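[1] Need coordinates for the following:
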Amino acid sequence: MNRIFITGIGIISAIGNSVAENHLALKEAKSGIDKKLDLFSTKFADTLPFGRVKINTENLINKLRITDTGITRTSMLALHAFEEAVADAGLSNTDISNMDTALIGASTVGGMCLTDELFVDANKCEQGSDYTQSYDCASICLFLQKRYKMNGIINSINTACSSSANAIMFGASLIKNGFAKKAIVGGADSLAKFTINGFNALHILSSDICTPFDENRKGLNLGEGAAFLVLEKEEDTTGKNIYAELKGYCNANDAYHPSSLSEQADGPFLSMQGALNSANLNTTDIDFINAHGTGTENNDEVESKAMIRLFKNPPAFASSKANVGHTLGAAGAVEAVFSILSLKYQEAYPNLNFKKEISTTGLTPLHVYKKMPVQHIMSNSFGFGGNCSTLIFSKA
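    Below you'll find the model as predicted:
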């Protein structure tokens, strides 16, 4: 089977507007989460912390030279990361529009971040709303397709918080099965009242900055961001900068509950085990786990149990959710970039705000920045409905 390599990466998040800015913030253990949400009106703006990208929507429009109407903030964040990734990979407009270049994007909120605007227009505009075309989950990929005149396979994935991890898998599968030579894969999500109100209804939003894998964790912080990776076959990477190899991956489902993982950790265990099998690696080969680590009571305990069940003595692990918040459909791609940076610079980034281990599992995440040899990294993304995905990236 063809080996798949990453030749370009792009990211925008609460801790930076580029790969370089995100890398520096991770090294310096910085968090981009605060209670300064000013993107829209919500009663939670001053009471709950969020991982907000520090560019307002108007400035994004100007920076990205967007002239179309009805383009959402989600699509703008996607474009920002997409452009950095393709430039980093040295792709020309001809390369991007080639029939052999696929685009697989992911999102959960999509155009629903403008639900209020659509609602207002529906009550006052006889000719319809500019936001109707953006309401579809596929609107992000359709926007990128139109802007870059893309002709290859285009697909949108929404499997909740594992969405962009699954987008990465799908792009790799297209290449391995001869349907594409290159795949631009990733995801984007923006903060929106739709998701804030929804997660608040589940009672899993923390009133403080989240504390993944801590005994006294209180819930998650929502974040926003986007990340894209350029995937290429080994034989097409001659002379190119190679960040890492996508060594293995797996998607599994414990089919237990709409919003919780099973107490036995079946989904996380199976996705991690399957990724190891796909990569032809042993548990002892994994140097670091980029954990899903949302800071919720259910996820962190269950993920810990899955690590113990599979590894017996788990390797170093940490969650980046206290840096950027939970970016939902973008999380898998955002954390894939973080994993790739660990491989590139041979270092691991700390799990912020950790104080006390979970009593039922006794695991302590890495909570200081550390230079260390890293050959293989496992990155977990677990979504609602028990949709669990694991990626393994290896040093090129």
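
[2] what's the following helix or strand after the strand or helix carrying residue 306?
    Secondary structure assigned from DSSP states H and E places residue 306 in helix 297-311. Proceeding N to C from helix 297-311, the next assigned helix or strand is strand 316-318, under DSSP H and E.

[3] Tell me where the stretch 251-396 of the chain has helices.
    For the stretch 251-396 of the chain, helices defined by DSSP state H, counting those that start in this stretch occupy the ranges 266-279, 297-311, 321-324, 331-345.

[4] no no, the stretch 51-200 of the chain
    Remark: helices assigned in the stretch 51-200 of the chain by DSSP H, counting those that start in this stretch are 57-63, 73-88, 93-97, 115-124, 139-148, 163-176, 193-201.

[5] ok, back up a step: what about the helix holding residue 306, distance to the chain center?
    Mean-position distance between helix 297-311 and its chain equals 20 Å (CA atoms, centre = their mean, to the nearest Å).

[6] which residues are in contact with it?
    By CB atoms under 8 Å, 6 or more residues apart in numbering, the surrounding residues in contact with helix 297-311 are 212-214, 217, 219, 260-265, 268-269, 272-273, 276, 283, 286, 289, 291-294, 314, 317, 358, 360-361, 363, 380, 382. Placement of C-beta: from N, CA and C, glycine included.

[7] Can you turn the buried subset of these into a selection I can paste into PyMOL?
    With 16 or more other CB atoms under 10 Å as the criterion, this PyMOL line picks the buried residues out of these:
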select buried, resi 212+213+214+217+219+260+261+262+265+268+269+272+273+276+283+286+289+291+292+293+294+314+317+358+361+363+380+382
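
[8] Could you tell me which of the contacts of helix 297-311 belong to strands?
    Using DSSP state E, the members of the contacts of helix 297-311 that fall within strands are 289, 317, 380, 382.

[9] Name the nearest of these relative to residue 97.
    Among the ones in strands among the contacts of helix 297-311, residue 380 lies closest to residue 97 (CB to CB), at 34.2 Å.

[10] in which helix or strand would I find the nearest residue to residue 84 once chain neighbours are set aside?
    Excluding the flanking residues, the one nearest residue 84 by CB to CB, 6 or more residues apart in numbering is residue 10, at 3.0 Å. Assessed by DSSP H and E, residue 10 sits inside strand 4-12.

[11] Partner strands of that strand, with direction?
    According to DSSP bridges, strand 4-12 has the following sheet partners: strand 225-233 (antiparallel), strand 244-253 (antiparallel).

[12] Pipe the ones you listed into JSON lines and attach mean pLDDT, mean neighbour count and distance to residue 347 per row.
    Formatted as JSON lines, the strands paired with strand 4-12 follow (pLDDT from 0 to 100; neighbours: other CB atoms under 10 Å; distance: least, CB to CB, whole Å):
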{"stretch": "strand 225-233", "mean pLDDT": "98", "mean neighbour count": "29", "distance to residue 347": "19"}
{"stretch": "strand 244-253", "mean pLDDT": "96", "mean neighbour count": "22", "distance to residue 347": "14"}
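
[13] between the ones you listed, which one is nearest to residue 179?
    That would be strand 225-233 among the strands paired with strand 4-12, by CB to CB, at 11.9 Å.

[14] now the angle between helix 163-176 and that closest one, please.
    20 degrees (axes from the mean of the first three to the mean of the last three CA atoms, to 10 degrees).
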